[in-house]
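In: Have a look at this fold, sequence not included:
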């Protein structure tokens, strides 16, 4: 069984580690396996349409490549979606909730934003149908907020349930929670960089996951540099012969190789520490030394990641 | 009505998305200014122990901890305090301060909805960060306060927090939830109270609506205090003594966020002080004369060739990265206001483990007059 056979995959990790890239790669792999997938961005940034050169439709799904869609879930639109489903009359929604008096109130209910965003994820995974009445997507990939907020978001349905204790908000969140907390349906992936801070934060996150810990299936170590062709012991010998030259450019180049070797050690340390603490498959994604990834780059990363997904 | 408070405390707010090193930059800025003789406080929301380590202090809590900067400069007249935001404790303090009686305060602190709002649910952190900042500014114990903002990629929530709180208090929908008898209130809503309460109950559930109403009923006691406070926080953010610094990294992911922040600052007419781009790389020296690369070395030929290969590769990779960084920085500056200052902090070979480590990047950062004029 592949990790992609679950219905929801939530991707989280420290800010700037490449969560969105990993989401795109997972989406591509899913479509290669004949699945229809959607990536939901929750940050409002709408990065993916830009990479694939399509125009973002915001809250409306847009196709990135055949079989792969994306949408950006903004809290206000998700609230509207939820409320209209409850009261069935859009006009009434506009009257009540677009009201200058009411809007700040809805905006102010704490936790509601996170809960309705996950409500939309649930909707994509469970309710959405295509024109033939079949489930519209086989897989929903959630590009979750960075660690701290990501965890708060995952706990939001449970928090709303505790807060409301009964009624429609309770029931709605209970449905979402039952899917999101079920390891058969929902799995988590953490993305990390081979640097001290992200590694520490990843370990902390896994500890704070509580019962969701069993849904954590994979840790992707992103932006891994390739190993230099010279083995470390040869470099130690060569280094001695090369230092003390009269060329600043050569001195600098020696420093660059030193940094490279240090990076290799840091990568190794990160991999070992994560494996020991998380007791999980840790997989590498190579750094491509580019400012912006193209769909071809993503396809290359998909080649690397594919075999890992069936193994976990 | 309160009169606007005058404080001589300057405020620097470091914003930017998560992962760009905002906490480190905030700490280094504070350190730099303290070493220059200012009384500085740095307020962080990041619970990472490593910040405490890099500041050479045991642990940071809600109360100020003195950073031993005399280790670096025994003669300095400035000092540096670090503190971490404890949102719940700050909120509780506020309730105690604004409540008209001790019993009113305890009723609120014990209310279930309050406990949710102040601890488990998102949003309260942002508001409390502003609250704490205001407190430090208002007390005037410091010449400068540096705020490390929450790592939220979402919509600069912390900037909206006081506005949200103020409009909640202002517009009074809560008052009507509590006192639906007030006819004039319903007229402002332009629809009947029956319709509103029916819709709310349908969406949120009867129990929830009445519980929230109950919460605001007790909370009413604090309205005036909170309201005045929100207005003051708003004016603090727009004070000429306040500056926003946008911390970014040359990584592509940070760019979209940085542009978004810029846009938000402009929309809200908040004073932008410039960019701090962290962890930038410079290109290698332009030419590596083949003559300085010895064709033979203390290794067998093919293994020596690998050495030379690695050296060329290391230069090529650095070249590519530096080029990507330069492009990213140029794009960032282009998006900012014309001639907005930009400080580049070079990538450090090693993690910054202690105060001495932090001090190595202070030279790349702005001095206080750089961002606040010559006042």
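Out: The structure has been received and is ready for your questions. Since we're looking at a predicted model, the values are computed, not measured.

In: what about residue B:97, distance to chain A?
Out: Counting by Cβ to the nearest Cβ, to the nearest Å, the gap from residue B:97 to chain A is 21 Å. In this view, the C-beta of every residue, glycine as well, is placed from N, C-alpha and C.

In: thought that residue was touching residue B:229?
Out: No - counting by Cβ atoms under 8 Å, residue B:97 stays clear of residue B:229, with 9.2 Å between them.

In: Which one's more surrounded, these two?
Out: With neighbours defined as other Cβ atoms under 10 Å in any protein chain shown, residue B:97 and residue B:229 compare such that residue B:229 has more, 24 against 12.

In: For that one, give me phi and psi.
Out: Per-residue torsions, residue B:229: phi -60, psi -40 (degrees, to the nearest 10).

In: list the contacts for it?
Out: If you count contacts by Cβ atoms under 8 Å, 6 or more residues apart in numbering or on different chains, residue B:229 has them with B:94, B:98, B:131, B:134.

In: And residue A:187, by the same measure?
Out: By Cβ under 8 Å, 6+ apart, the contact set of residue A:187 is A:3, A:6, A:8-10, A:215-218.

In: Apply 7 Å and report the result again.
Out: Listed by Cβ atoms under 7 Å, 6 or more residues apart in numbering or on different chains, the contact partners of residue A:187 are A:3, A:6, A:9, A:215, A:217.

In: and if you look at residue A:66?
Out: Neighbour list for residue A:66: residue A:31 [criterion: Cβ under 7 Å, 6+ apart].

In: And stretch A:47-59, what's buried?
Out: For stretch A:47-59, the neighbour count (16 or more other Cβ atoms under 10 Å in any protein chain shown) marks A:47-49, A:51-52, A:56, A:58 as buried.

In: Just flag the most distant two among these.
Out: A:51 and A:58 (16.5 Å; Cβ to Cβ).

In: Now do residue B:89 against residue B:135, distance only.
Out: According to Cβ to Cβ, to the nearest Å, residue B:89 stands 12 Å off from residue B:135.

In: ok, longest strand in chain A?
Out: The longest strand of chain A (DSSP state E) is strand A:216-224.

In: And chain B, is whatever helix or strand comes next after that strand touching that?
Out: Using DSSP states H and E, the next helix or strand after strand A:216-224 towards the C-terminus is helix A:232-242. Yes - against chain B, helix A:232-242 shows contacts by Cβ under 7 Å from any Cβ of the partner chain at A:234-235, A:237-238, A:241.

In: Leaving out the residues flanking it, which one is nearest to the residue of chain A found nearest chain B?
Out: Across chain A, no residue is closer to chain B than residue A:167, which sits at 1.8 Å (Cβ to the nearest Cβ). Once flanking residues are discounted, residue A:167 sits nearest to residue B:205: 1.8 Å by Cβ to Cβ, 6 or more residues apart in numbering or on different chains.

In: For that neighbour, grab phi and psi.
Out: phi 100, psi 140.

In: Could you check how far residue B:230 is from residue B:224?
Out: 11 Å.

In: neighbour-wise, which of those two wins?
Out: Comparing residue B:230 with residue B:224 by other Cβ under 10 Å, the one with more neighbours is residue B:230, at 24 against 13.
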